[in-house]
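Peer 1: Okay, predicted coordinates and the sequence, questions at the end:
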Amino acid sequence: MELPERFCARMKEMLGAQWGAFSEGFTEPPFRGVRLNPLKCTEDTLRESLPFPLTETPFSPLCFYGGGEKVGALPAHHAGMFYSQEPSAASAVTALGPLPGERILDLCAAPGGKATQIAGLLQGRGLLWANEVVRGRTGALLSNLERLGAQNAVVSCESPGRLCGAFEGWFDRVLVDAPCSGEGMFRRDPGAIGEWSAEHVAACAQRQGLILDCAAQAVKGGGVLVYSTCTFSYEENEGVCESFLRAHPEFSFEPIPVPFGRPALDGSPARRIFPMDGGEGHFVARFRRKGEEKREKAPFAGAAGGPARREAESLFAELFTGEMGPVGIFGDKVLLLPEGLPDFTGLHVLRAGAQLAERKGKRLEPAHGAFMAREKGACLGAADFPPESPELLGFLRGEEIAWEGRGYTAVCVNGVVTGFGKAAGGRLKNRYPKGLRLRV
Ligand code: SAM
């Protein structure tokens, strides 16, 4: 793997005696990781459902070494039991420390690695707002949040300026996992090496500063702002933080009490992770906003009532136990809304909550999203299979399978919902979305 000369010169200067260990790492395979999704299963269930062992990493109690290139085809992956992620990428959300009940903004969220980690830590309480400015990248974000069963999440496609301007001082914690020159991706994706230039690094640093300026607005008094990148350059890391704090005296650095990585190069309390620290590479800085003021917004006023709500309630009662909560009707889609949803008039919101149903003519057809966000015990019908079962693999390929039951039935892997079908006459008609089906 040929590394750019100027990149090597910078890294040699940065690493001194450790340059040898760093450059030798390019002859070794990259770290692979799996992050447990606590919304859908326990660590024991995940281990039982995977064909490879997991070993702990220092980056998060949810994050393990293990896996490989084909993990996306595993039934446990279809069921949202885990997210396949380079291990050190879990460090940013560990530094963010989201707590159940809080309002969290993930400003640069696609494809959703960190957003799904935040959703797992919120445990269904509070609100995750996941934003991605590039429209073409929002599909993966929507799909990953759905697969991992996040119901208390909003997905938007907005510029940082418009979104943060609409939410001044509203969020408890904001994550900026910024677009960067991606030097920490070089071992995994040699294609990224060709895009590297000193000019690109400088342009990234400028863009990162602008994104942070916007993000700062959205943090409440006393709230937390985390800045992370997957690159090594001083300019994009310590340099961006120094400029940010000069321009924003209302923020100060906060130590990150974690066992991973090493101190930042300028002695600030940010953390750096190199491949010698057990991950591909990350930089994480945590700031706290001074003051105590938390701004409020009007709540979302568009929840359905009357006959529309009763129709949704009747479908919900056919599928699940428990209370339905508020629903919203957006075109032909019926959504189970997140708690504490604010008014989002004028913003480009792609989804709020989990989809309960889609209107087909006069009928409401149940949707995949609501099943993915339910435990097996909350589904009125359930068919449960081990991961290697031929019926389950047939279901994931989109086939009709044998099942003695009646009505809408969740299909589960080791007790974890991965989709649904409709049972009648000893068969289960397949409702697994076409775009998600196994192709083997
Ligand atoms: N947080 C994501 C995850 O964990 O899966 C990865 C985010 S990636 C490092 C940075 C994201 O920022 C990309 O999805 C990119 O499209 C987006 N982005 C690019 N330009 C941006 C801008 N000017 N403002 C905000 N986000 C931008």
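Peer 2: Arrived safely. Numbering: from 1, shown residues only.

Peer 1: Any stretches of the stretch 1-150 of the chain with poor pLDDT?
Peer 2: Screening the stretch 1-150 of the chain residue by residue with the criterion pLDDT under 70, one finds no matching range.

Peer 1: The ligand contacts on the stretch 101-250 of the chain?
Peer 2: Taking Cβ under 6 Å from any ligand atom as the criterion, the stretch 101-250 of the chain approaches the ligand at residues 108-114, 132-134, 137, 160, 177, 179, 207, 211. C-beta here means a position set from N, CA and C on the backbone, and glycine is covered the same way.

Peer 1: And for Glu391, the neighbour number?
Peer 2: The number of residues packed near Glu391 is 16, by other Cβ atoms under 10 Å.

Peer 1: Hmm, Pro259 is touching Phe59, no?
Peer 2: No: judged on Cβ atoms under 8 Å, Pro259 makes no contact with Phe59 at a distance of 9.2 Å.

Peer 1: Neighbour count: those two, which is higher?
Peer 2: Neighbours were tallied for Pro259 and for Phe59 using other Cβ under 10 Å; the higher tally belongs to Phe59 (31 against 7).

Peer 1: related to what we said a few turns ago, sort out for me which of the residues of the stretch 101-250 of the chain next to the ligand are in helices.
Peer 2: 113-114, 160, 207, 211 (DSSP state H).

Peer 1: Separate out the buried members of the residues of the stretch 101-250 of the chain next to the ligand.
Peer 2: Members of these that pass the buried threshold by neighbour count (16 or more other Cβ atoms under 10 Å) are listed as 108-114, 132-133, 160, 177, 179, 211.

Peer 1: Which pair of those spans the longest distance?
Peer 2: With Cβ to Cβ as the measure, no two of those lie farther apart than Gly113 and Pro160, at 18.8 Å.

Peer 1: quick one on the thing from earlier: output the buried ones among the residues of the stretch 101-250 of the chain next to the ligand in JSON lines; the columns should cover distance to Pro4.
Peer 2: Below are these laid out as JSON lines (distance: Cβ to Cβ, whole Å):
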{"residue": "Cys108", "distance to Pro4": "25"}
{"residue": "Ala109", "distance to Pro4": "29"}
{"residue": "Ala110", "distance to Pro4": "27"}
{"residue": "Pro111", "distance to Pro4": "26"}
{"residue": "Gly112", "distance to Pro4": "30"}
{"residue": "Gly113", "distance to Pro4": "26"}
{"residue": "Lys114", "distance to Pro4": "28"}
{"residue": "Glu132", "distance to Pro4": "29"}
{"residue": "Val133", "distance to Pro4": "28"}
{"residue": "Pro160", "distance to Pro4": "29"}
{"residue": "Asp177", "distance to Pro4": "24"}
{"residue": "Pro179", "distance to Pro4": "19"}
{"residue": "Ile211", "distance to Pro4": "25"}
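
Peer 1: ok, back up a step: closest to Leu36 out of the residues of the stretch 101-250 of the chain next to the ligand?
Peer 2: The closest of these to Leu36 turns out to be Gly113 (Cβ to Cβ; 13.3 Å).

Peer 1: What does Cys204 show for phi and psi?
Peer 2: phi -60, psi -40 (degrees, to the nearest 10).

Peer 1: Quick one: residues contacting it.
Peer 2: Taking Cβ atoms under 8 Å, 6 or more residues apart in numbering as the definition of contact, the neighbours of Cys204 are 178-181, 231, 236.

Peer 1: Doesn't Arg351 lie inside a strand?
Peer 2: Yes: when DSSP: H, G, I helix; E, B strand; the rest coil is applied, Arg351 is found to be in a strand.

Peer 1: Identify each buried residue in the helix or strand containing Gly394, please.
Peer 2: Gly394 belongs to helix 390-396 when assigned by DSSP states H and E. Going by neighbour count (16+ other Cβ under 10 Å), the buried part of helix 390-396 is 391-396.

Peer 1: Next secondary structure after that helix?
Peer 2: Once the chain leaves helix 390-396, the next helix or strand it forms, by DSSP H and E, is strand 401-402.

Peer 1: Can you name every helix or strand that that following strand contacts?
Peer 2: Under the contact definition 3 or more Cβ pairs under 8 Å, 6 or more residues apart in numbering; DSSP states H and E, strand 401-402 sits against helix 390-396, strand 427-430.

Peer 1: What residues sit buried inside the last one?
Peer 2: Along strand 427-430, these residues count as buried under the neighbour rule (16+ other Cβ under 10 Å): 428, 430.

Peer 1: Name the single longest strand found in this protein.
Peer 2: In terms of residue count, the longest strand belonging to the chain (DSSP state E) is strand 219-229.

Peer 1: list the helices and strands that strand packs on?
Peer 2: Counting contacts by 3+ Cβ pairs under 8 Å, 6+ apart, strand 219-229 is packed against helix 91-96, strand 171-177, helix 198-218, helix 240-247, strand 282-289.

Peer 1: elements contacting the fourth one?
Peer 2: Counting contacts by 3+ Cβ pairs under 8 Å, 6+ apart, the secondary-structure elements packed against helix 240-247 are helix 198-218, strand 219-229, strand 251-253, strand 282-289.

Peer 1: Would you map the strands across the stretch 1-150 of the chain?
Peer 2: Counting by DSSP state E, counting those that start in this stretch, the stretch 1-150 of the chain has strands at residues 33-36, 55-56, 63-65, 82-84, 103-106, 127-131.

Peer 1: got those strands as a markdown table, with mean neighbour count columns?
Peer 2: Formatted as a markdown table, the strands of the stretch 1-150 of the chain follow (neighbours: other Cβ atoms under 10 Å):
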| stretch | mean neighbour count |
| --- | --- |
| strand 33-36 | 26 |
| strand 55-56 | 9 |
| strand 63-65 | 23 |
| strand 82-84 | 24 |
| strand 103-106 | 28 |
| strand 127-131 | 27 |
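
Peer 1: Compare those and give me the one nearest Gly381.
Peer 2: Distances from Gly381 to each of the strands of the stretch 1-150 of the chain were compared using Cβ to Cβ; the shortest belongs to strand 82-84, at 25.5 Å.

Peer 1: So Met14 sits against Asp266, correct?
Peer 2: No: with contact defined as Cβ under 8 Å, Met14 and Asp266 do not form a contacting pair (11.7 Å).

Peer 1: These two: which has the busier surroundings?
Peer 2: Neighbour count, other Cβ under 10 Å: between Met14 and Asp266, Met14 has more, with 16 against 12.

Peer 1: Who are the contact partners of the more buried one?
Peer 2: Counting by Cβ under 8 Å, 6+ apart, Met14 touches 232, 234, 265.

Peer 1: Just read off the phi/psi values of the last one.
Peer 2: Here is the backbone geometry of Leu265 (degrees, to the nearest 10): phi -70, psi -20.
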